[in-house]
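In: Give me a 3D structure for the following:
(one chain, ligands or ions: 2)
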Amino acid sequence: MEKIYVTGKSGPLQGTVKVSGAKNAALPILAAALLCKGTTIIDEVPQLEDVNVMRGVLESLGAKVKVEGDTYIIDSSNLTSSTAPYELVRKMRASFLVMGPLLARLKEANISMPGGCAIGTRPIDLHLKGFQALGAKIQTDHGCIEGRVDNLVGNRVYLDFPSVGATENIMMLATMAEGQTIIENAAAEPEIVDLANYLNSMGAKIRGAGTNVIKITGVKELTSNRYTVIPDRIEAGTYMVAAVITGGDVLITNCIYDHLKPVIAKLQECGAKVFEDENTIRVIGNNRPIGVDVKTLPYPGFPTDMQPQMTALLAVAEGTSVVTETVFENRFMHVDELKRMNAKIKIRERSAVITGVESLKAAPVYATDLRAGAALILAGLVAEGVTEIGNIHHIDRGYVDIVNKFKGLGAKIERK
Ligand SMILES: CC(=O)N[C@H]1[C@@H](OP(=O)(O)OP(=O)(O)OC[C@H]2O[C@@H](n3ccc(=O)[nH]c3=O)[C@H](O)[C@@H]2O)O[C@H](CO)[C@@H](O)[C@@H]1O
Ligand SMILES: C=C(OP(=O)(O)O)C(=O)O
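Out: Residues are numbered from 1 along each chain as shown. Ligands and ions are numbered 1, 2, ... in the order given. Alright, predicted model coming up:
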(Lines give C-alpha, C1' and ligand atoms only; values in the text may rest on other atoms or scores of the structure.)
(Ligands and ions follow the chains in the order given, each with its own letter.)
Protein backbone atom coordinates (compact mmCIF):
# COMPACT_ATOMS: atom_id res chain seq x y z
CA MET A 1 0.00 0.00 0.00
CA GLU A 2 1.42 3.36 -1.01
CA LYS A 3 1.87 6.09 1.57
CA ILE A 4 2.60 9.80 1.47
CA TYR A 5 5.76 11.00 3.25
CA VAL A 6 6.04 14.68 4.15
CA THR A 7 9.32 16.14 5.42
CA GLY A 8 8.37 18.98 7.69
CA LYS A 9 9.96 22.35 8.35
CA SER A 10 11.29 22.53 4.80
CA GLY A 11 10.57 26.22 4.54
CA PRO A 12 7.70 28.43 3.38
CA LEU A 13 5.80 27.20 0.31
CA GLN A 14 6.25 29.45 -2.69
CA GLY A 15 5.05 29.46 -6.26
CA THR A 16 1.91 28.88 -8.30
CA VAL A 17 -0.62 26.07 -8.15
CA LYS A 18 -3.51 25.51 -10.55
CA VAL A 19 -6.81 24.30 -9.16
CA SER A 20 -8.69 21.51 -10.97
CA GLY A 21 -12.42 21.24 -11.69
CA ALA A 22 -14.62 20.79 -8.62
CA LYS A 23 -15.28 17.21 -7.56
CA ASN A 24 -18.53 18.16 -5.86
CA ALA A 25 -19.78 19.98 -8.95
CA ALA A 26 -18.58 17.35 -11.44
CA LEU A 27 -20.28 14.43 -9.66
CA PRO A 28 -23.86 15.80 -9.77
CA ILE A 29 -23.29 17.14 -13.28
CA LEU A 30 -22.19 13.69 -14.48
CA ALA A 31 -25.31 12.22 -12.84
CA ALA A 32 -27.42 14.91 -14.54
CA ALA A 33 -26.03 13.86 -17.93
CA LEU A 34 -28.46 10.93 -17.60
CA LEU A 35 -31.28 13.42 -18.11
CA CYS A 36 -30.11 14.28 -21.62
CA LYS A 37 -31.60 12.21 -24.41
CA GLY A 38 -28.46 12.66 -26.47
CA THR A 39 -24.78 13.48 -26.07
CA THR A 40 -23.43 16.06 -23.66
CA ILE A 41 -19.82 17.19 -23.39
CA ILE A 42 -18.48 18.22 -20.00
CA ASP A 43 -15.12 19.98 -19.69
CA GLU A 44 -12.79 20.40 -16.68
CA VAL A 45 -13.86 17.14 -15.06
CA PRO A 46 -11.16 16.37 -12.46
CA GLN A 47 -9.37 13.04 -12.89
CA LEU A 48 -10.24 11.58 -9.52
CA GLU A 49 -11.18 8.22 -8.09
CA ASP A 50 -14.72 9.43 -7.26
CA VAL A 51 -15.22 10.58 -10.83
CA ASN A 52 -14.13 7.12 -12.08
CA VAL A 53 -16.73 5.56 -9.82
CA MET A 54 -19.44 7.86 -11.21
CA ARG A 55 -18.33 6.93 -14.73
CA GLY A 56 -18.78 3.26 -13.77
CA VAL A 57 -22.27 3.98 -12.44
CA LEU A 58 -23.30 5.79 -15.65
CA GLU A 59 -21.94 2.96 -17.79
CA SER A 60 -23.75 0.35 -15.69
CA LEU A 61 -26.99 2.18 -16.52
CA GLY A 62 -26.30 2.05 -20.26
CA ALA A 63 -24.76 5.47 -20.86
CA LYS A 64 -21.79 5.54 -23.24
CA VAL A 65 -18.92 7.50 -21.75
CA LYS A 66 -15.80 8.63 -23.62
CA VAL A 67 -13.02 10.40 -21.74
CA GLU A 68 -10.50 12.68 -23.46
CA GLY A 69 -8.27 14.19 -20.77
CA ASP A 70 -10.53 16.32 -18.59
CA THR A 71 -13.40 16.16 -21.09
CA TYR A 72 -16.27 13.69 -20.68
CA ILE A 73 -18.48 12.90 -23.65
CA ILE A 74 -21.63 11.19 -22.43
CA ASP A 75 -24.29 9.65 -24.62
CA SER A 76 -27.38 8.81 -22.56
CA SER A 77 -29.71 8.19 -25.51
CA ASN A 78 -30.33 4.58 -24.58
CA LEU A 79 -30.40 3.84 -20.90
CA THR A 80 -30.60 0.09 -20.44
CA SER A 81 -30.89 -0.31 -16.68
CA SER A 82 -32.49 1.49 -13.74
CA THR A 83 -30.36 -0.29 -11.14
CA ALA A 84 -27.15 1.19 -9.74
CA PRO A 85 -25.01 -1.73 -8.53
CA TYR A 86 -24.17 -2.04 -4.84
CA GLU A 87 -20.46 -2.49 -5.59
CA LEU A 88 -20.27 1.07 -6.95
CA VAL A 89 -22.73 2.81 -4.61
CA ARG A 90 -20.85 1.28 -1.67
CA LYS A 91 -17.65 2.96 -2.86
CA MET A 92 -19.11 6.43 -3.11
CA ARG A 93 -22.17 8.00 -1.49
CA ALA A 94 -22.55 10.52 -4.31
CA SER A 95 -23.65 7.60 -6.57
CA PHE A 96 -27.07 8.12 -4.99
CA LEU A 97 -27.33 11.29 -7.09
CA VAL A 98 -28.39 9.16 -10.08
CA MET A 99 -31.73 8.40 -8.38
CA GLY A 100 -33.42 11.71 -9.34
CA PRO A 101 -32.28 11.54 -13.00
CA LEU A 102 -33.27 7.86 -13.32
CA LEU A 103 -36.74 8.48 -11.91
CA ALA A 104 -37.13 11.38 -14.34
CA ARG A 105 -35.92 9.45 -17.40
CA LEU A 106 -37.07 5.88 -16.75
CA LYS A 107 -39.82 6.41 -14.15
CA GLU A 108 -38.05 3.88 -11.94
CA ALA A 109 -34.80 3.54 -10.07
CA ASN A 110 -33.23 0.95 -7.78
CA ILE A 111 -30.28 2.19 -5.82
CA SER A 112 -28.49 0.51 -2.96
CA MET A 113 -28.87 2.44 0.26
CA PRO A 114 -25.64 4.40 0.64
CA GLY A 115 -24.05 3.58 4.00
CA GLY A 116 -22.77 6.07 6.53
CA CYS A 117 -19.13 7.03 6.50
CA ALA A 118 -16.38 8.21 8.79
CA ILE A 119 -17.85 11.70 9.11
CA GLY A 120 -21.43 10.78 10.00
CA THR A 121 -24.47 8.56 9.45
CA ARG A 122 -25.60 10.68 6.50
CA PRO A 123 -29.24 9.63 6.01
CA ILE A 124 -31.09 10.22 2.72
CA ASP A 125 -34.53 10.95 4.17
CA LEU A 126 -34.66 14.45 2.68
CA HIS A 127 -33.93 13.15 -0.84
CA LEU A 128 -36.74 10.62 -0.47
CA LYS A 129 -39.14 13.17 1.01
CA GLY A 130 -38.62 15.34 -2.07
CA PHE A 131 -39.08 12.44 -4.50
CA GLN A 132 -42.33 11.47 -2.76
CA ALA A 133 -43.61 15.05 -2.87
CA LEU A 134 -43.21 14.90 -6.66
CA GLY A 135 -45.23 11.70 -6.91
CA ALA A 136 -42.67 8.91 -6.50
CA LYS A 137 -43.51 5.78 -4.53
CA ILE A 138 -40.52 4.70 -2.50
CA GLN A 139 -39.86 1.30 -0.95
CA THR A 140 -36.85 0.04 0.92
CA ASP A 141 -36.08 -3.64 0.57
CA HIS A 142 -32.96 -5.72 1.21
CA GLY A 143 -30.77 -2.64 1.51
CA CYS A 144 -32.10 -1.21 -1.75
CA ILE A 145 -34.22 1.89 -2.35
CA GLU A 146 -36.78 1.25 -5.04
CA GLY A 147 -38.54 4.20 -6.59
CA ARG A 148 -41.40 4.28 -9.14
CA VAL A 149 -43.30 7.21 -10.51
CA ASP A 150 -46.36 7.26 -12.77
CA ASN A 151 -47.27 10.92 -12.64
CA LEU A 152 -44.31 13.17 -12.01
CA VAL A 153 -45.86 16.44 -10.86
CA GLY A 154 -44.15 19.53 -9.42
CA ASN A 155 -44.77 20.41 -5.78
CA ARG A 156 -43.51 22.50 -2.89
CA VAL A 157 -40.71 20.80 -0.93
CA TYR A 158 -39.38 22.18 2.34
CA LEU A 159 -36.03 20.75 3.43
CA ASP A 160 -35.55 20.49 7.21
CA PHE A 161 -31.85 21.12 6.60
CA PRO A 162 -30.35 22.69 3.46
CA SER A 163 -28.85 19.39 2.27
CA VAL A 164 -26.62 19.74 -0.77
CA GLY A 165 -27.34 16.25 -2.13
CA ALA A 166 -31.09 16.42 -1.50
CA THR A 167 -31.33 19.81 -3.21
CA GLU A 168 -29.44 18.42 -6.22
CA ASN A 169 -31.38 15.17 -6.48
CA ILE A 170 -34.79 16.86 -6.14
CA MET A 171 -33.80 19.63 -8.56
CA MET A 172 -32.79 17.03 -11.18
CA LEU A 173 -36.04 15.11 -10.81
CA ALA A 174 -38.10 18.32 -10.93
CA THR A 175 -36.58 19.41 -14.27
CA MET A 176 -38.89 16.91 -15.98
CA ALA A 177 -41.95 17.11 -13.70
CA GLU A 178 -45.21 18.57 -14.87
CA GLY A 179 -45.61 22.14 -13.62
CA GLN A 180 -43.59 23.95 -10.98
CA THR A 181 -41.50 22.65 -8.07
CA ILE A 182 -40.37 25.00 -5.32
CA ILE A 183 -37.56 23.82 -3.05
CA GLU A 184 -37.56 25.83 0.16
CA ASN A 185 -34.63 25.95 2.58
CA ALA A 186 -32.58 24.68 -0.36
CA ALA A 187 -28.79 24.50 -0.15
CA ALA A 188 -27.07 27.46 -1.81
CA GLU A 189 -23.57 26.06 -2.42
CA PRO A 190 -21.75 27.13 -5.62
CA GLU A 191 -21.96 23.49 -6.76
CA ILE A 192 -25.78 23.76 -6.73
CA VAL A 193 -25.53 26.83 -8.94
CA ASP A 194 -23.18 24.99 -11.29
CA LEU A 195 -25.58 22.06 -11.57
CA ALA A 196 -28.51 24.42 -12.23
CA ASN A 197 -26.47 26.25 -14.89
CA TYR A 198 -25.64 22.94 -16.55
CA LEU A 199 -29.29 21.84 -16.50
CA ASN A 200 -30.46 25.22 -17.81
CA SER A 201 -27.90 24.98 -20.61
CA MET A 202 -29.70 21.78 -21.66
CA GLY A 203 -33.08 23.52 -21.64
CA ALA A 204 -34.22 23.15 -18.02
CA LYS A 205 -36.04 26.05 -16.39
CA ILE A 206 -34.48 26.64 -12.97
CA ARG A 207 -34.45 29.96 -11.15
CA GLY A 208 -33.08 30.91 -7.75
CA ALA A 209 -30.17 28.46 -7.50
CA GLY A 210 -27.69 30.00 -5.07
CA THR A 211 -30.53 31.24 -2.85
CA ASN A 212 -32.63 29.24 -0.39
CA VAL A 213 -35.64 29.08 -2.70
CA ILE A 214 -35.24 27.29 -6.01
CA LYS A 215 -38.07 27.26 -8.55
CA ILE A 216 -38.09 24.67 -11.28
CA THR A 217 -40.60 24.57 -14.12
CA GLY A 218 -40.62 21.13 -15.67
CA VAL A 219 -39.82 20.60 -19.34
CA LYS A 220 -40.47 17.57 -21.57
CA GLU A 221 -36.90 16.88 -22.57
CA LEU A 222 -33.32 18.08 -22.10
CA THR A 223 -31.02 18.38 -25.10
CA SER A 224 -27.34 18.08 -25.96
CA ASN A 225 -24.87 20.75 -24.94
CA ARG A 226 -21.31 21.49 -23.81
CA TYR A 227 -20.49 22.73 -20.31
CA THR A 228 -17.43 23.56 -18.16
CA VAL A 229 -17.31 22.60 -14.47
CA ILE A 230 -16.36 25.32 -11.93
CA PRO A 231 -12.98 25.19 -10.14
CA ASP A 232 -12.75 23.30 -6.85
CA ARG A 233 -13.07 25.77 -3.98
CA ILE A 234 -12.04 23.16 -1.41
CA GLU A 235 -8.86 22.27 -3.29
CA ALA A 236 -8.10 26.00 -3.59
CA GLY A 237 -8.79 26.48 0.12
CA THR A 238 -6.46 23.62 1.00
CA TYR A 239 -3.52 25.26 -0.84
CA MET A 240 -4.42 28.60 0.76
CA VAL A 241 -4.08 27.01 4.19
CA ALA A 242 -0.78 25.46 3.07
CA ALA A 243 0.53 28.95 2.31
CA VAL A 244 -0.54 30.23 5.73
CA ILE A 245 0.66 27.27 7.80
CA THR A 246 4.16 27.47 6.27
CA GLY A 247 4.31 31.29 6.28
CA GLY A 248 4.63 31.09 2.49
CA ASP A 249 3.56 33.06 -0.56
CA VAL A 250 1.37 31.09 -2.96
CA LEU A 251 -0.51 32.13 -6.07
CA ILE A 252 -3.57 29.98 -6.66
CA THR A 253 -4.83 30.06 -10.24
CA ASN A 254 -8.15 28.95 -11.72
CA CYS A 255 -10.26 29.81 -8.69
CA ILE A 256 -13.32 31.92 -7.95
CA TYR A 257 -12.75 34.46 -5.17
CA ASP A 258 -16.44 34.79 -4.28
CA HIS A 259 -16.73 31.05 -3.56
CA LEU A 260 -13.88 31.30 -1.07
CA LYS A 261 -14.99 34.35 0.93
CA PRO A 262 -15.73 32.48 4.20
CA VAL A 263 -12.31 30.78 4.06
CA ILE A 264 -10.50 33.99 3.12
CA ALA A 265 -12.13 35.89 5.99
CA LYS A 266 -10.83 33.33 8.51
CA LEU A 267 -7.33 33.22 7.02
CA GLN A 268 -7.18 37.02 7.19
CA GLU A 269 -8.22 36.84 10.85
CA CYS A 270 -5.29 34.45 11.30
CA GLY A 271 -3.01 37.20 10.00
CA ALA A 272 -2.66 36.16 6.35
CA LYS A 273 -2.65 38.67 3.51
CA VAL A 274 -4.93 37.74 0.62
CA PHE A 275 -4.97 39.43 -2.79
CA GLU A 276 -7.51 38.87 -5.52
CA ASP A 277 -6.90 39.17 -9.25
CA GLU A 278 -8.75 37.77 -12.23
CA ASN A 279 -9.31 34.06 -11.42
CA THR A 280 -6.32 34.05 -9.06
CA ILE A 281 -5.79 34.47 -5.35
CA ARG A 282 -2.40 35.19 -3.76
CA VAL A 283 -1.99 34.20 -0.13
CA ILE A 284 0.91 35.36 2.03
CA GLY A 285 1.30 33.83 5.47
CA ASN A 286 2.44 35.43 8.69
CA ASN A 287 5.33 34.08 10.77
CA ARG A 288 2.91 32.30 13.07
CA PRO A 289 -0.85 32.24 12.48
CA ILE A 290 -3.12 33.74 15.12
CA GLY A 291 -5.79 31.48 16.66
CA VAL A 292 -9.41 32.07 15.62
CA ASP A 293 -12.81 30.49 16.28
CA VAL A 294 -14.50 28.71 13.39
CA LYS A 295 -18.03 27.33 13.02
CA THR A 296 -18.98 25.24 10.00
CA LEU A 297 -22.31 26.07 8.36
CA PRO A 298 -24.08 25.58 5.05
CA TYR A 299 -22.95 28.05 2.37
CA PRO A 300 -22.22 30.95 2.61
CA GLY A 301 -20.93 29.87 6.03
CA PHE A 302 -17.54 28.27 6.60
CA PRO A 303 -17.45 24.95 4.67
CA THR A 304 -17.28 21.72 6.65
CA ASP A 305 -15.00 20.37 3.89
CA MET A 306 -12.36 22.90 5.03
CA GLN A 307 -12.74 22.19 8.75
CA PRO A 308 -10.03 19.51 9.10
CA GLN A 309 -7.50 21.65 7.18
CA MET A 310 -8.35 24.66 9.36
CA THR A 311 -8.00 22.50 12.48
CA ALA A 312 -4.47 21.55 11.36
CA LEU A 313 -3.63 25.22 10.89
CA LEU A 314 -5.00 26.22 14.29
CA ALA A 315 -3.04 23.38 15.93
CA VAL A 316 0.10 25.51 15.41
CA ALA A 317 -1.53 28.95 15.81
CA GLU A 318 -0.91 31.35 18.67
CA GLY A 319 -3.44 31.05 21.51
CA THR A 320 -6.61 29.00 21.88
CA SER A 321 -9.10 28.38 19.07
CA VAL A 322 -12.50 26.72 19.08
CA VAL A 323 -13.69 24.87 15.97
CA THR A 324 -17.36 23.93 16.00
CA GLU A 325 -18.71 21.42 13.49
CA THR A 326 -22.46 21.84 12.93
CA VAL A 327 -22.92 20.01 9.59
CA PHE A 328 -21.68 16.48 10.33
CA GLU A 329 -21.93 14.84 13.74
CA ASN A 330 -18.64 12.94 13.60
CA ARG A 331 -16.16 15.00 11.64
CA PHE A 332 -13.30 15.11 14.12
CA MET A 333 -11.53 11.84 13.32
CA HIS A 334 -8.44 13.79 12.21
CA VAL A 335 -8.09 15.19 15.72
CA ASP A 336 -6.80 11.91 17.15
CA GLU A 337 -4.25 11.73 14.34
CA LEU A 338 -3.17 15.34 14.89
CA LYS A 339 -2.80 14.57 18.60
CA ARG A 340 -0.35 11.81 17.64
CA MET A 341 1.67 14.64 16.12
CA ASN A 342 1.76 16.55 19.42
CA ALA A 343 -1.29 18.77 18.79
CA LYS A 344 -3.15 19.85 21.95
CA ILE A 345 -6.82 19.43 21.14
CA LYS A 346 -9.79 18.48 23.30
CA ILE A 347 -13.18 17.53 21.88
CA ARG A 348 -16.14 19.03 23.76
CA GLU A 349 -19.35 17.76 22.16
CA ARG A 350 -19.38 19.31 18.68
CA SER A 351 -16.35 21.54 19.27
CA ALA A 352 -12.61 21.07 19.20
CA VAL A 353 -10.79 23.28 21.68
CA ILE A 354 -7.30 23.78 20.30
CA THR A 355 -4.35 25.11 22.25
CA GLY A 356 -1.84 26.05 19.59
CA VAL A 357 1.62 24.50 19.98
CA GLU A 358 4.89 26.00 18.70
CA SER A 359 5.72 22.86 16.77
CA LEU A 360 4.19 19.55 15.74
CA LYS A 361 6.18 16.32 15.69
CA ALA A 362 6.07 13.83 12.82
CA ALA A 363 4.38 10.47 13.44
CA PRO A 364 2.88 7.65 11.41
CA VAL A 365 -0.77 8.67 10.88
CA TYR A 366 -3.84 7.53 8.94
CA ALA A 367 -6.16 9.48 6.68
CA THR A 368 -9.56 8.57 8.11
CA ASP A 369 -11.37 10.40 5.30
CA LEU A 370 -10.64 12.72 2.40
CA ARG A 371 -10.21 16.08 4.14
CA ALA A 372 -8.66 14.46 7.20
CA GLY A 373 -5.94 13.25 4.81
CA ALA A 374 -5.43 16.77 3.48
CA ALA A 375 -5.19 18.07 7.06
CA LEU A 376 -2.43 15.54 7.84
CA ILE A 377 -0.39 16.66 4.82
CA LEU A 378 -0.71 20.26 6.02
CA ALA A 379 0.34 19.29 9.54
CA GLY A 380 3.24 17.28 8.10
CA LEU A 381 4.55 20.39 6.31
CA VAL A 382 5.32 22.04 9.65
CA ALA A 383 6.11 19.02 11.85
CA GLU A 384 9.63 18.11 12.98
CA GLY A 385 10.67 15.02 11.02
CA VAL A 386 8.98 12.90 8.35
CA THR A 387 5.22 12.33 8.65
CA GLU A 388 4.09 9.04 7.15
CA ILE A 389 0.45 9.10 6.01
CA GLY A 390 -1.40 5.85 5.34
CA ASN A 391 -4.86 5.15 3.87
CA ILE A 392 -4.17 7.65 1.12
CA HIS A 393 -6.88 6.28 -1.17
CA HIS A 394 -9.15 8.70 0.69
CA ILE A 395 -6.99 11.59 -0.51
CA ASP A 396 -7.14 10.30 -4.11
CA ARG A 397 -10.94 10.63 -3.98
CA GLY A 398 -10.72 14.41 -4.04
CA TYR A 399 -7.29 15.88 -4.90
CA VAL A 400 -5.84 15.77 -8.41
CA ASP A 401 -2.08 15.09 -8.41
CA ILE A 402 -1.68 16.41 -4.88
CA VAL A 403 1.92 15.29 -4.40
CA ASN A 404 3.17 16.98 -7.56
CA LYS A 405 1.14 20.12 -6.88
CA PHE A 406 2.75 20.41 -3.42
CA LYS A 407 6.18 19.62 -4.88
CA GLY A 408 5.67 22.47 -7.33
CA LEU A 409 5.37 24.79 -4.33
CA GLY A 410 8.63 23.51 -2.85
CA ALA A 411 7.25 20.97 -0.37
CA LYS A 412 9.33 17.88 0.38
CA ILE A 413 6.69 15.26 -0.23
CA GLU A 414 6.85 11.78 -1.75
CA ARG A 415 4.44 8.99 -2.51
CA LYS A 416 5.78 5.45 -2.44
C1 LIG B 1 -20.47 14.93 -3.28
C2 LIG B 1 -20.74 16.15 -2.47
O3 LIG B 1 -21.17 17.16 -2.98
N4 LIG B 1 -20.46 16.08 -1.17
C5 LIG B 1 -20.66 17.22 -0.33
C6 LIG B 1 -22.10 17.30 0.09
O7 LIG B 1 -22.42 16.07 0.73
P8 LIG B 1 -23.95 15.71 1.02
O9 LIG B 1 -24.77 16.17 -0.10
O10 LIG B 1 -23.99 14.28 1.40
O11 LIG B 1 -24.20 16.60 2.30
P12 LIG B 1 -25.58 17.17 2.84
O13 LIG B 1 -25.61 18.64 2.66
O14 LIG B 1 -26.68 16.37 2.27
O15 LIG B 1 -25.48 16.83 4.39
C16 LIG B 1 -25.50 17.82 5.39
C17 LIG B 1 -26.16 17.27 6.64
O18 LIG B 1 -27.51 16.94 6.36
C19 LIG B 1 -27.79 15.63 6.78
N20 LIG B 1 -28.78 15.03 5.87
C21 LIG B 1 -28.58 15.05 4.53
C22 LIG B 1 -29.48 14.48 3.66
C23 LIG B 1 -30.63 13.87 4.19
O24 LIG B 1 -31.49 13.35 3.47
N25 LIG B 1 -30.82 13.87 5.53
C26 LIG B 1 -29.93 14.44 6.40
O27 LIG B 1 -30.11 14.43 7.61
C28 LIG B 1 -26.44 14.90 6.70
O29 LIG B 1 -26.40 13.75 7.50
C30 LIG B 1 -25.49 15.99 7.17
O31 LIG B 1 -25.44 16.02 8.57
O32 LIG B 1 -22.30 18.41 0.96
C33 LIG B 1 -21.57 18.33 2.18
C34 LIG B 1 -21.93 19.53 3.03
O35 LIG B 1 -21.47 20.70 2.46
C36 LIG B 1 -20.07 18.25 1.88
O37 LIG B 1 -19.37 18.02 3.07
C38 LIG B 1 -19.77 17.13 0.90
O39 LIG B 1 -18.42 17.22 0.47
C1 LIG C 1 -17.24 14.75 2.38
C2 LIG C 1 -16.81 14.90 1.12
O3 LIG C 1 -17.26 14.20 0.04
P4 LIG C 1 -18.44 13.09 -0.01
O5 LIG C 1 -19.71 13.79 0.22
O6 LIG C 1 -18.33 12.58 -1.41
O7 LIG C 1 -18.12 12.07 1.04
C8 LIG C 1 -15.77 15.91 0.79
O9 LIG C 1 -15.61 16.22 -0.41
O10 LIG C 1 -15.10 16.40 1.71
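In: now residue 237: how far from residue 329?
Out: Relative to residue 329, residue 237 is positioned 22 Å away (C-beta to C-beta, to the nearest Å). The way it works is simple: take the backbone N, C-alpha and C, and place the C-beta from them, glycine included.
In: Compare those two and say which one has the larger neighbour count.
Out: Of the pair residue 237 and residue 329, residue 237 is the one with more neighbours under other C-beta atoms under 10 Å, namely 30 against 12.
In: residues of the helix or strand of the chain with the lowest mean pLDDT that come out buried?
Out: Using mean pLDDT, DSSP states H and E, helix 86-89 stands out as the lowest-scoring helix or strand of the chain, at a mean of 90. Under the neighbour-count criterion of 16 or more other C-beta atoms under 10 Å, helix 86-89 has 88, 89 buried.
In: Which helix or strand lies directly C-terminal to it?
Out: Later in the chain than helix 86-89, the nearest helix or strand by DSSP states H and E is helix 99-106.
In: What helices and strands are in contact with the helix or strand just after that next one?
Out: Downstream of helix 99-106, the first helix or strand assigned by DSSP H and E is strand 108-112. Under the contact criterion of 3 or more C-beta pairs under 8 Å, 6 or more residues apart in numbering; DSSP states H and E, strand 108-112 touches strand 83-84, helix 86-89, helix 99-106, strand 144-148.
In: any idea of the angle strand 108-112 forms with helix 99-106?
Out: 150 degrees (axes from the mean of the first three to the mean of the last three C-alpha atoms, to 10 degrees).
In: for ligand 2, what are the nearby residues on this protein?
Out: Taking C-beta under 6 Å from any ligand atom as the contact definition, the chain meets ligand 2 at 24, 93, 94, 117, 305, 370, 371, 398.
In: burial measure for the last one, as a count.
Out: Spelled out, that is residue 398. Counted with other C-beta under 10 Å, the neighbours of residue 398 add up to 26.
In: does any part of stretch 249-265 sit near ligand 1?
Out: No - Stretch 249-265 lies out of reach of ligand 1 by C-beta under 6 Å from any ligand atom, never closer than 11.9 Å.
In: Quick check: end-to-end length of that stretch?
Out: Using C-alpha to C-alpha, to the nearest Å, one end of stretch 249-265 lies 17 Å from the other.
In: For that stretch, list every residue counted as buried.
Out: So, applying 16+ other C-beta under 10 Å, buried residues of stretch 249-265: 249-257, 259-260, 262-264.
In: and of those, the nearest to residue 112?
Out: Residue 112 has its nearest neighbour among these in residue 259, at 32.0 Å by C-beta to C-beta.
In: if I read this right, residue 147 contacts residue 99, doesn't it?
Out: Yes - judged on C-beta atoms under 8 Å, residue 147 makes contact with residue 99 at a distance of 6.4 Å.
In: follow-up on the earlier one: show me what the least confident helix or strand of the chain is packed up against.
Out: helix 49-60, strand 108-112.
In: Would the first one count as contacting ligand 1?
Out: Same thing as helix 49-60. No - legend: contact between helix 49-60 and ligand 1 by C-beta under 6 Å from any ligand atom is lacking; minimum distance shown is 7.5 Å.
In: can you pull the contacts of residue 220?
Out: residue 176 (C-beta atoms under 8 Å, 6 or more residues apart in numbering).
In: Same question for residue 162.
Out: 185, 186, 187, 188, 212, 298.
In: where does it land in three-state SS?
Out: Three-state call for residue 162 (DSSP: H, G, I helix; E, B strand; the rest coil): coil.
In: Just the pLDDT for it.
Out: For residue 162, the model assigns a pLDDT of 98.
In: Torsion angles phi and psi at it?
Out: Taking degrees, to the nearest 10, you get phi -70, psi 70 for the backbone angles of residue 162.
In: Quick check: chain neighbours aside, which residue is closest to it?
Out: residue 187 (4.1 Å; C-beta to C-beta, 6 or more residues apart in numbering).
In: One more: residue 247?
Out: Per C-beta to C-beta, 6+ apart, closest to residue 247 is residue 285, 4.2 Å.
In: same deal with residue 244?
Out: Among residues not flanking residue 244 along the chain, residue 285 sits closest, at 4.2 Å (C-beta to C-beta, 6+ apart).
In: returning to that earlier point: which of residue 147 and residue 99 has more neighbours?
Out: The neighbour count for residue 147 versus residue 99, taken as other C-beta under 10 Å, is higher for residue 99 (29 against 24).
In: In contact with that one, which residues?
Out: Counting by C-beta under 8 Å, 6+ apart, residue 99 has contacts 84, 109, 111, 127, 131, 145, 147, 169.
In: Pick out the residue in the stretch 251-400 of the chain sitting closest to ligand 2.
Out: Closest residue of the stretch 251-400 of the chain to ligand 2, C-beta to the nearest ligand atom: residue 305 (4.0 Å).
In: I'd say that residue and residue 232 touch.
Out: No - assessed by C-beta under 8 Å, residue 305 is found out of contact with residue 232, at 9.9 Å.
In: what do these two both touch?
Out: Shared contacts of residue 305 and residue 232 (C-beta under 8 Å, 6+ apart): residue 24.
In: So the two - more neighbours on which side?
Out: More neighbours surround residue 232 than the other of residue 305 and residue 232, with 29 against 25 (other C-beta under 10 Å).
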